[in-house]
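**Student:** pasting a predicted model and its sequence here:
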Amino acid sequence: MSMSKNYSQTNSPVEILTNEAARKRWELFHLAIAHAKKFNAMALQEAETSAAEPKRADPLLSVAG
């Protein structure tokens, strides 16, 4: 018997919970990465859109005296 076969057959409840916690951590990690990629893509698109818009001049106020 290989060691991996023995290991899979003797999973204790603690090991199962530990494996489940690790799986959830990886899932949250991947969700965070996906969110960061989406946010970065939106920020780049917004930067490109604002760069393409013509710059408008704000009204110039002066005080004649």
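**Tutor:** Received the coordinates, thanks.
**Student:** low pLDDT regions in this protein?
**Tutor:** By pLDDT under 70, the weakly predicted segments of the chain are 1-10, 54-57, 60-62, 65.
**Student:** show me which helix runs longest in this protein.
**Tutor:** Assignment by DSSP state H gives helix 13-52 as the longest helix of the chain.
**Student:** show me how far it is from its chain's centre.
**Tutor:** 3 Å (C-alpha atoms, centre = their mean, to the nearest Å).
**Student:** now for it, which elements pack on it?
**Tutor:** Counting contacts by 3 or more C-beta pairs under 8 Å, 6 or more residues apart in numbering; DSSP states H and E, helix 13-52 packs against no other helix or strand. (C-beta placed from N, C-alpha, C; glycine too.)
**Student:** buried sites along it?
**Tutor:** Neighbour counts over helix 13-52 (16 or more other C-beta atoms under 10 Å) mark no residue as buried.
**Student:** identify the residues contacting R25.
**Tutor:** Listed by C-beta atoms under 8 Å, 6 or more residues apart in numbering, R25 has no contact partners.
**Student:** ok, it to F39 distance?
**Tutor:** According to C-beta to C-beta, to the nearest Å, R25 stands 21 Å off from F39.
**Student:** how about E48?
**Tutor:** Applying C-beta to C-beta to E48 and F39 gives a distance of 15 Å.
**Student:** do the same with K24
**Tutor:** K24 is 22 Å from F39, by C-beta to C-beta.
**Student:** same question for D58.
**Tutor:** From D58 to F39 the distance is 30 Å (C-beta to C-beta).
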